[in-house]
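[1] predicted structure and sequence below. I'll ask about it afterward.
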Amino acid sequence: MGSRESSFMSTIFFFLLLFSLGCKCIASELHLHATQTAVLKVDASPQLARQIPDTLFGIFFEEINHAGAGGIWAELVSNRGFEAGGPHTPSNIDPWSIIGDDSSIFVATDRTSCFSRNTVALRMEVLCDNCPAGGVGIYSPGFWGMNIEDGKTYNLVMYVKSPETVELTVSLTSSDGSQNLASTTIPVSGVSNWTKLEQKLVAQGTNRTSRLQITTNKKGVVWFDQVSLMPADTYKGHGFRTELISMMLDLKPRFLRFPGGCFVEGEWLRNAFRWRESIGPWEERPGHFGDVWHYWTDDGLGYYEFLQLSEDLGAAPIWVFNNGISHNDEVDTAAIAPFVKDVLDSLEFARGSADSTWGSVRAAMGHPEPFPVKYVAIGNEDCGKKFYRGNYLKFYNAIREAYPDIQMISNCDASSSPLDHPADLYDFHVYTDSKTLFSMKNTFDRSSRNGPKAFVSEYAVWRSDAGRGSLLASLAEAAFLTGLEKNSDVVQMASYAPLFVNNNDQTWNPDAIVFNSWQQYGTPSYWMQTLFGESSGAIFHPVTITSSYSGSLAASAITWQDSENSFLRVKIINFGSDPVSLTISATGLQARVNALGSTATVLTSSNVMDENSFSNPNKVVPVKSQLSNAAEQMQVTLVPHSFSSFDLALAQSKLVAEM
């Protein structure tokens, strides 16, 4: 009997222990998600107000992830000049392929082009006397399939020559050729000279993965070069993909940094971006292989087009040029003079009068008025390279003499120690995990208020907790940006990186905007940036947070104006997993708060690692609502892992911006 009692008591003790542990776990869980309290005070008094630079937030475009070729540049044909396989022939014509087999058609590259800067052309020999009913020929799938839409017009341009008269059928079809969306027959006269052919194709159906094909039934030889297919409805007729430009515009960018990034440097200088080879008639541009990101670009999106894009966006152009340094080789400072001359020529192309040497080239391209280039970056991430400082000074002195108003950006970080060379701004790049970037919201608090300003030209959360663009990443980035607003007396510009990724070539992850041939969506980091769109040129007001939970909060406050109204915008990030009962108190306002027109916008989701996707593009997007209790002092609740932006309408405002 004694053993039964012992067993019974042991069982009772075991269940009591489980109950005790369970209660502790429940208590711990309740404590973990207990509502925290905090007070946020905004001092909007004029004496503490400070104007944020007009240029604070902009965008950085790099040719990475097929962001340009197969992205914002609307050209549908990849390798349109057959140059991507290199100058030696025969060469690979990928992604072009043949229609037929080796008994009916023979296709190879040769060096017979009429263009001196890109001499490779495609020779097609039709071998069959009785060709298949659909003919034989070549086709291009473009960049992972062409998006052809019903009723839309597509402009075809190609250069052709044939010793005998031949009829070519040019068609837009489905990827296997079974669905014909548009077709036309083009006669080619039997002449030895190259002929430029132009044709409009109007689609009679929609297919997202179409191809362009060129066929014939006649035995003989035909040469092709510079085959282009562009949608007729590009943004402002300038060749840009409208829906992607629209997403850029929604960021309200004040500057455009281009064209890179590492794309500017190249793994080797021989593959670096060359502005001279990217201007002039598109047919004559040789294109180049971007060896950092491992793909060919025809450079249809060139230096001129970037300047045009800046103008279309209403953004200040920031020209990042190669300073004689790549990832693997460098030009000795003693031999850098030709590179300096090249950059001075690029500035004359942008800023020179229409009768100057290079300004006349720009004018001939359709833009007689100069482009207002006032910022240049001398290299990219080259500080520490052997010849950087020597080369930098050569560029700096030459540009300062020729263009005294141009602001020059050094690659060397001066956030914690002074530079040993002159500069107007310095680059600051940061890619890190979310916790680290959140903690970096105070990075520039201790920076010198003298000397060059900071240009945070590349920032993002990446790797483990970034996913393919997570809510968590966007919250840390938002907190970091509130710190840039607070320190906008020393931080003049900031831009996220990278901006775009073609879903078929995700070389870098994450990115702000994801797209394919016909779809696009913004990651949470993209939507986070839209909530800072009014900050450039606004009035900054200091804030203080009082709470035992303040280590998980970040905030900033501005006053800004639209065309009709004025607002106090309070942005606050709850980086933690607890809800927060927040009291917002604003003093020193020059006008009363009007609940009518006041709004709250919240970026959050049920899981901090949630992402957007093509199937669910709006899973994590800002949700806007009316703020009925808006007042100089009000109570709000911050949900866990959220970014909240409160716009308090100011009645009959007299903003400090008028100072």
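    Structure's in. What do you need?

[2] show the pLDDT at the residue nearest the centre of the chain.
    Nearest to the mean C-alpha position of the chain, counting by C-alpha atoms, centre = their mean, stands Leu499 at 2.1 Å. Looking at Leu499, its pLDDT is 98.

[3] cool, Met1 as well?
    Looking at Met1, its pLDDT stands at 36.

[4] switch to numbering from 3
    Renumbered: residue one is now 3, and that last one reads Met3.

[5] just to revisit the earlier point, didn't the residue nearest to the centre of the chain look like it was pressed against Phe62?
    Yes: contact criterion C-beta atoms under 8 Å: Leu501 and Phe62 qualify, at 6.2 Å. (Glycine included, C-beta is placed from N, CA and C.)

[6] before we move on, the earlier item: quick check: phi and psi on the residue nearest to the centre of the chain?
    Leu501 has phi and psi values of phi -80, psi -50 when expressed as degrees, to the nearest 10.

[7] skipping adjacent residues, who's closest to it in space?
    Leaving aside its sequence neighbours, Leu501 sits nearest to Ala514 (C-beta to C-beta, 6 or more residues apart in numbering; 5.2 Å).

[8] residues touching Met148, list them.
    Met148 makes contact with 78, 174, 211-214, 231, 519, according to C-beta atoms under 8 Å, 6 or more residues apart in numbering.

[9] quick check: Glu169 touching Thr187?
    Yes: the pair Glu169 / Thr187 is scored as a contact, 5.6 Å apart, by C-beta under 8 Å.

[10] what do those two both touch?
    In contact with both Glu169 and Thr187: no residue, using C-beta under 8 Å, 6+ apart.

[11] what sits against the residue nearest to Leu501?
    Counting by C-beta under 8 Å, 6+ apart, Ala514 touches 471, 498, 500-502, 524-525, 527-528, 531.

[12] same list, those residues, but as JSON lines with secondary structure please.
    Conversion of the contacts of Ala514 to JSON lines gives the following (DSSP: H, G, I helix; E, B strand; the rest coil):
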{"residue": "Gly471", "secondary structure": "coil"}
{"residue": "Tyr498", "secondary structure": "strand"}
{"residue": "Pro500", "secondary structure": "coil"}
{"residue": "Leu501", "secondary structure": "coil"}
{"residue": "Phe502", "secondary structure": "strand"}
{"residue": "Gly524", "secondary structure": "strand"}
{"residue": "Thr525", "secondary structure": "coil"}
{"residue": "Ser527", "secondary structure": "helix"}
{"residue": "Tyr528", "secondary structure": "helix"}
{"residue": "Gln531", "secondary structure": "helix"}
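
[13] Serialize those to CSV and add fields for distance to Val138.
    Formatted as CSV, the contacts of Ala514 follow (distance: C-beta to C-beta, whole Å):
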residue, distance to Val138
Gly471, 45
Tyr498, 48
Pro500, 41
Leu501, 42
Phe502, 37
Gly524, 44
Thr525, 44
Ser527, 48
Tyr528, 45
Gln531, 50
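
[14] closest one of those to Val223?
    Phe502 (40.8 Å; C-beta to C-beta).

[15] touching, that closest one and Thr509? I think so.
    No: between Phe502 and Thr509 there is no contact under C-beta under 8 Å: 11.4 Å.

[16] higher neighbour count, the two?
    Between Phe502 and Thr509, Phe502 has the larger neighbour count (other C-beta atoms under 10 Å), namely 24 against 16.

[17] any idea how far Gly268 is from the more buried one?
    20 Å (C-beta to C-beta, to the nearest Å).

[18] circling back to that earlier point, now for the contacts of Met148, which pair is the farthest apart?
    Farthest pair in those (C-beta to C-beta) is Thr211 and Leu231. Separation: 14.7 Å.

[19] so between those two, which is more surrounded?
    Using other C-beta under 10 Å as the criterion, Thr211 and Leu231 rank with Leu231 on top: 23 against 17.

[20] what residues are bridge-paired with Ser173?
    Ser185, Gln215 (DSSP bridges).

[21] swap in Val322?
    Note on Val322: beta-bridge partners by DSSP bridges are Ala379.

[22] need the contact list for it.
    So Val322 contacts 259-263, 266, 378-379, 381-382 (C-beta under 8 Å, 6+ apart).

[23] which ones among those map onto strands?
    Assigned to strands by DSSP state E, the following of those qualify: 259-260, 378-379.

[24] closest to Lys621 among the residues you listed?
    In terms of C-beta to C-beta, no member of these lies closer to Lys621 than Arg259, at 29.5 Å.

[25] measure that closest one to Ile95 for me?
    Separation of Arg259 from Ile95 (C-beta to C-beta) stands at 34 Å.

[26] check Thr509 too.
    Distance from Thr509 to Ile95, by C-beta to C-beta: 23 Å.

[27] again, but for Ala317
    Distance check for Ala317 against Ile95: by C-beta to C-beta, it reads 37 Å.

[28] please enumerate the helices of the stretch 253-402 of the chain.
    When assigned using DSSP state H, counting those that start in this stretch, the helices of the stretch 253-402 of the chain occupy the ranges 264-267, 305-315, 339-353, 361-366, 390-404.

[29] which of those helices sits most buried?
    Highest mean neighbour count among the helices of the stretch 253-402 of the chain (mean count of other C-beta atoms under 10 Å): helix 264-267, with a mean of 24.

[30] got the CA positions of that one in PDB?
    Extracted in PDB, the C-alpha atoms of helix 264-267 (Å, rounded to 0.1, in the frame of the first residue of the first chain):
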ATOM      1  CA  CYS A 264      29.100  48.800 -59.200                       C
ATOM      2  CA  PHE A 265      27.700  49.000 -62.800                       C
ATOM      3  CA  VAL A 266      29.800  52.200 -63.100                       C
ATOM      4  CA  GLU A 267      33.000  50.500 -62.000                       C
END
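
[31] quick check: mean pLDDT across it?
    The average pLDDT within helix 264-267 is 97.

[32] what does the model give Thr211 for pLDDT?
    Predicted confidence (pLDDT) at Thr211: the value is 97.

[33] residues contacting it?
    Neighbour list for Thr211: 143, 146-148, 176-177, 519 [criterion: C-beta under 8 Å, 6+ apart].

[34] isn't Ala67 up against Ala499?
    Actually, residue 67 is Asn rather than Ala. No: applying C-beta under 8 Å as the test, Asn67 and Ala499 come out as separate, 11.1 Å apart.

[35] which pLDDT value goes with Met11?
    41.
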